[in-house]
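Asker: Build me a model:
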Amino acid sequence: MRLELPGRLVRAAAHPVLFRNVVLALTAICAVVYFAIGAGLIYHESMRTTEHGPALWVFGFSAAAAFALGVALMLLRPGRVVWTLGALFMVFVIWAYIAVAPERDPHYEIWGVSLKVLQAITLVALLGLLTNDRGRNKALPAR
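Answerer: Residues are numbered from 1 along each chain as shown. Below you'll find the model as predicted:
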């Protein structure tokens with residue numbers, strides 16, 4: 001079964017290197033923002049939003065490490081398996097944010113929503129890579 005994307009994305013899928021670079025850039029931005037959260041540069045520890053969740057620095061640094069690992073995998077072992085794992089990870093991250101929202105105060109905040117927008121764009125770019133026939137069985141050439 002093959003995923004079908006809307007017309008504009010199908011035309012853009014003819015440029016898989018662009019999709020890969022978008023994914024790399026957005027994933028790196030997410031890693032930096034999560035690192036800033038863990039370091040307390042964006043939120044102070046007193047602004048932790050859940051009472052039963054991990055400390056904010058644990059959350060921030062763990063998420064930063066996961067996104068940095070994604071960047072490393074995309075650079076070192078690009079291919080359909082990594083893209084699929086990345087797409088599944090993005091779906092999980094977006095779902096988890098929405099699922100945990102009722103436990104936070106406020107439920108949604110600007111940094112969280114902004115990150116989810118970046119992650120949704122990353123998910124669309126990953127789907128673009130996955131639906132591209134030229135990248136089916138091999139990694140994309142670096143340009």
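
Asker: elements contacting the helix or strand where Leu127 lies?
Answerer: Using DSSP states H and E, Leu127 sits in helix 110-130. Here helix 110-130 touches helix 7-12, helix 16-38, helix 80-100, going by 3 or more C-beta pairs under 8 Å, 6 or more residues apart in numbering; DSSP states H and E. Backbone N, C-alpha and C define where each C-beta goes, glycine included.

Asker: ok, now which ones touch the residue nearest the centre of the chain?
Answerer: The centroid of the chain falls nearest to Gln119 when counting by C-alpha atoms, centre = their mean (4.1 Å). Contacts for Gln119 (C-beta atoms under 8 Å, 6 or more residues apart in numbering) come out as Leu26, Cys30, Met90, Val93, Ile94.

Asker: What separation is there between it and Trp95?
Answerer: 11 Å (C-beta to C-beta, to the nearest Å).

Asker: And Val58, by the same measure?
Answerer: 20 Å.

Asker: Give me the local confidence score for the closest residue to Gly60 other than its chain neighbours.
Answerer: Excluding its sequence neighbours, the residue lying closest to Gly60 (C-beta to C-beta, 6 or more residues apart in numbering) is Gly38, at 2.4 Å. Gly38 is assigned 83 on the pLDDT scale.

Asker: and Gly38, how many neighbours does it have?
Answerer: The number of residues packed near Gly38 is 21, by other C-beta atoms under 10 Å.

Asker: thought Val22 was touching Thr122?
Answerer: Yes: at 7.5 Å, Val22 counts as touching Thr122 under the criterion of C-beta atoms under 8 Å.

Asker: the more surrounded of these two?
Answerer: Thr122 (27 against 19).

Asker: count of residues packed around the residue lying closest to the more buried one once chain neighbours are set aside?
Answerer: Closest residue to Thr122 apart from its sequence neighbours, by C-beta to C-beta, 6+ apart: Leu26 at 4.4 Å. Here the number of neighbours of Leu26 (other C-beta under 10 Å) works out to 23.

Asker: my guess is Leu26 contacts Ala125, does it?
Answerer: Yes: if you go by C-beta under 8 Å, Leu26 and Ala125 touch, sitting 7.3 Å apart.
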